[in-house]
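Novice: A predicted structure for the sequence below; I have some questions about it.
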There are 2 protein chains.
Amino acid sequence: MIQLYYLNMFNTTATSPKAQLTRSNILSTALRVFRERGLESATMRELAATAGASLGSAYYYFPSKEAIIQAYYDDVQAEHARRLAAALAEKHLDLKDRLRAAFHSKLDILQGDRKLLSALFRYTGEPHHPLSALGDGTRKNRHQSMSVFLAALGDERFPDDIRAILAPALWALHMGVLLYFIYDDSPEQQRTRRLVDGVLTLIVRLLALAKLSVLKPVRGSILALLRDAGLLPEPDFPQVPAFQESQP
Amino acid sequence: MIQLYYLNMFNTTATSPKAQLTRSNILSTALRVFRERGLESATMRELAATAGASLGSAYYYFPSKEAIIQAYYDDVQAEHARRLAAALAEKHLDLKDRLRAAFHSKLDILQGDRKLLSALFRYTGEPHHPLSALGDGTRKNRHQSMSVFLAALGDERFPDDIRAILAPALWALHMGVLLYFIYDDSPEQQRTRRLVDGVLTLIVRLLALAKLSVLKPVRGSILALLRDAGLLPEPDFPQVPAFQESQP
DNA sequence: GCACATATTTGAACACGTTCAACAAAGTTC
DNA sequence: GAACTTTGTTGAACGTGTTCAAATATGTGC
């Protein structure tokens, strides 16, 4: 009854080393085939054959073709968290450079895989699809991604109301940047890099401006609006304890 | 050689009245079936059968299943332009109410068809897909939609730099609102209505604030950023002559 | 009306993503 | 190691969107 070995991602079922090998074999082969042939033209049959597995086997590990790319994207997020942590540990950076590190490291990881990103956005308009980028099914991913941006904010001091929206706002911005990135046909997507730098410069400046008294009422209205719209952080979003601030 | 009758949308091929009837029959039936069964579960075969046409016939008029919904969306846009024009003609409205009319009339039209909207966003992440909401293939649609918002701006006076970004900015906002609308499960999507009103109030206020001297440099940076990113109006976007302003 | 061209219609055929019942291998219990 | 359970593998079969060659209807020039 009791299985040794590792548990899979959801801690539900045991997974033998051999199965892990098959799975990662299929995954890595799939990504290679997707990159070569493109998402559309690469077929599940071709992909399974190239991996030396059967069609059914591929479906044993991944519920759908898109799910394979989601699995890839899970890896990307783990790598993103790793790289940002490394950058923050290396030396002391100011807010803007920490945010730059967060955005650029993500782009670095994805640089060669812009075509794969299209899958991320495919179900955006379908609230109930398990892979909708905005839906319940991807909440965990979203929160992980927000955590990375929270880490980049570090222990910087912000008014509480602003702090509350920064994580979802940065996450949303980052999604927009990814979309721009996909469409960016400039050499090595230098345009996206410039856009990121420009936007972050602006944001840091605006965060300072937001404290001006003329803008207080505007700031209040914006926050009330977002709150009413339910666009503030989802209630179960785990704030990173190390960076949590108490009310002054 | 010379055909009488009407020309189709692209002025390339003649179209007999009978063909028009078949087409509109297929279109209206398809929409009905889509609304009843949902986009996924409604099959092209079922749809063709219900319309009393053959499968091939459906594909003669519409290159794909999604294209049928695009055709519906073309109608929506025509209706949108019509309704806004009517609202503007009826009585003199201030800027905020004109913008409110523009946004709410669109939502009115789409109120019962939120599920159909998902198709609008399906190819957002695929720059080269003809139905990508941000791609070249849908440029004409985008410009028509922007024209509606330009009409709502009317002859209101804005600094030139601001005027330049208003059309694409309002269009982008409206796309965001549609996405929110799709996800909004409040009764009759009242939440979306409130969000629209709140955002528009804010925008009108911000447009006034933007003239403050403290904000001039920020305003300049934002515009420079957008220009560099190529997010200003696409060069061939036809400004609506009646509302075009000359340099002061 | 006839020959021809063009527009429209048809359904079989195709390719693909996905499902599933059956089978094989590995692990567990005794 | 035998019976049994669980995990992993297989490819045929299904349903779907789409394509296409062939058939039919409609229009044109004479």
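Specialist: On my side now, so go ahead.

Novice: for residue A:189, which non-adjacent residue is closest in space?
Specialist: In this structure, residue A:189 finds its nearest non-sequential neighbour in residue A:181, 5.8 Å apart by C-beta to C-beta, 6 or more residues apart in numbering or on different chains. Every residue, glycine included, has its C-beta placed from N, CA and C.

Novice: how many residues are close by that neighbour?
Specialist: Using other C-beta atoms under 10 Å in any protein chain shown as the criterion, residue A:181 is surrounded by 21 other residues.

Novice: now do the strands in chain A.
Specialist: A:6-7, A:14-15 (DSSP state E).

Novice: hey, least reliable of the ones you listed by pLDDT?
Specialist: Ranked on mean pLDDT, the bottom entry among the strands of chain A is strand A:6-7, at a mean of 49.

Novice: returning to what we had before: how about the contacts made by the residue nearest to residue A:189?
Specialist: A:107, A:110, A:114, A:117, A:189, A:192 (C-beta atoms under 8 Å, 6 or more residues apart in numbering or on different chains).

Novice: the closest residue to DNA strand D within chain A and residue B:81: what is the separation?
Specialist: Nearest residue of chain A to DNA strand D (C-beta to the nearest atom of the strand) works out as residue A:56 at 2.1 Å. Residue A:56 is 52 Å from residue B:81, where distance means C-beta to C-beta, to the nearest Å.

Novice: more crowded one of these two?
Specialist: Between residue A:56 and residue B:81, residue B:81 has the larger neighbour count (other C-beta under 10 Å), namely 17 against 8.

Novice: pLDDT wise, what is residue A:229 at?
Specialist: pLDDT, residue A:229: 95.

Novice: number of nearby residues for it?
Specialist: Counted with other C-beta under 10 Å, the neighbours of residue A:229 add up to 16.

Novice: same check on residue A:197?
Specialist: Applying other C-beta under 10 Å, we find 16 residues neighbouring residue A:197.

Novice: check contacts around the nearest residue to residue A:196 once chain neighbours are set aside.
Specialist: Using C-beta to C-beta, 6+ apart and skipping residues adjacent in sequence, the residue nearest residue A:196 is residue A:103, 4.7 Å away. By C-beta under 8 Å, 6+ apart, residue A:103 lies in contact with A:174, A:177, A:196, A:200.

Novice: can I get these in a markdown table with pLDDT?
Specialist: A markdown table is the format used below for these (pLDDT from 0 to 100):
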| residue | pLDDT |
| --- | --- |
| A:174 | 98 |
| A:177 | 98 |
| A:196 | 98 |
| A:200 | 98 |
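
Novice: list the contacts for the residue at minimal distance from the centre of chain A?
Specialist: Residue closest to the average C-alpha location in chain A (C-alpha atoms, centre = their mean): residue A:145, at 4.4 Å. Residues near residue A:145 by C-beta under 8 Å, 6+ apart: A:77, A:80, A:171, A:174.

Novice: any weak-confidence spans in chain A?
Specialist: Counting by pLDDT under 70, the low-confidence segments of chain A come to A:1-14, A:234-248.

Novice: quick one: residue A:194 from DNA strand C, how far?
Specialist: To DNA strand C, residue A:194 is 36 Å away according to C-beta to the nearest atom of the strand, to the nearest Å.

Novice: so what's that residue closest to, chain neighbours aside?
Specialist: Excluding the flanking residues, the one nearest residue A:194 by C-beta to C-beta, 6+ apart is residue B:228, at 6.4 Å.

Novice: show me what contacts the one you found?
Specialist: By C-beta under 8 Å, 6+ apart, the residues touching residue B:228 are A:191, A:194-195, A:198.

Novice: swap in residue A:67?
Specialist: Residue A:67 makes contacts with residue A:131, as judged by C-beta under 8 Å, 6+ apart.

Novice: what's the answer for residue A:168, then?
Specialist: A:146, A:231-233.

Novice: with residue A:101 instead?
Specialist: So residue A:101 contacts A:84, A:87-88, A:93, A:152 (C-beta under 8 Å, 6+ apart).

Novice: filter these down to the buried ones, ChimeraX style.
Specialist: ChimeraX command restricting the contacts of residue A:101 to the buried ones, with burial defined by 16 or more other C-beta atoms under 10 Å in any protein chain shown:
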select /A:84,87,88,152
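
Novice: nearest to residue A:20, of the contacts of residue A:101?
Specialist: When the contacts of residue A:101 are ranked by distance to residue A:20 (C-beta to C-beta), residue A:84 comes first, at 27.0 Å.

Novice: wait, the closest one touches residue A:153, no?
Specialist: No - the pair residue A:84 / residue A:153 is not scored as a contact, 11.3 Å apart, by C-beta atoms under 8 Å.

Novice: can you give me the distance of the closest residue in space to residue A:93 that isn't next to it in sequence to chain B?
Specialist: Among residues not flanking residue A:93 along the chain, residue A:101 sits closest, at 6.6 Å (C-beta to C-beta, 6+ apart). Residue A:101 sits 20 Å away from chain B, going by C-beta to the nearest C-beta, to the nearest Å.

Novice: so who does the spatially closest residue to residue A:65 that is not a sequence neighbour touch?
Specialist: Nearest residue to residue A:65, sequence neighbours excluded (C-beta to C-beta, 6+ apart): residue A:44, at 5.9 Å. When contacts are counted by C-beta under 8 Å, 6+ apart, residue A:44 is found next to A:55, A:58-59, A:65.

Novice: repeat for residue A:85
Specialist: By C-beta under 8 Å, 6+ apart, the neighbours of residue A:85 are residue A:151.

Novice: same check, this time on the one 5 residues further on
Specialist: Taking C-beta under 8 Å, 6+ apart, we find residue A:90 in contact with no residue.

Novice: ok, longest helix in chain A?
Specialist: Secondary structure of chain A read by DSSP state H shows that its longest helix is helix A:65-90.

Novice: got the buried residues for that one?
Specialist: A:65-66, A:68-73, A:76-77, A:80-81, A:83-84, A:87-88.

Novice: again, but for stretch A:43-62
Specialist: Within stretch A:43-62, the residues that count as buried by 16+ other C-beta under 10 Å are A:44, A:47-48, A:50-51, A:53, A:57-58, A:61-62.

Novice: repeat that for stretch A:135-155.
Specialist: Within stretch A:135-155, the residues that qualify as buried are A:135, A:137-138, A:141-143, A:145-154, counting by 16+ other C-beta under 10 Å.

Novice: one more: stretch A:157-174?
Specialist: Across stretch A:157-174, burial judged by 16+ other C-beta under 10 Å covers A:158, A:161, A:163-174.

Novice: ok, so of these, who is nearest chain B?
Specialist: Set against chain B, the nearest of the buried residues of stretch A:157-174 by C-beta to the nearest C-beta is residue A:172 (9.9 Å).

Novice: now the helices for chain A?
Specialist: All helices of chain A, identified by DSSP H, fall at A:17-37, A:44-50, A:55-61, A:65-90, A:95-110, A:114-121, A:139-153, A:160-183, A:190-209, A:216-228.

Novice: right, is the second one up against DNA strand C?
Specialist: Yes - between helix A:44-50 and DNA strand C, judged by C-beta under 7 Å from any atom of the strand, the touching residues are A:44-45.

Novice: is any part of that helix close to DNA strand D?
Specialist: No - if you take C-beta under 7 Å from any atom of the strand as the test, helix A:44-50 misses DNA strand D, and the best it gets is 7.6 Å.

Novice: with that, I have no additional questions.
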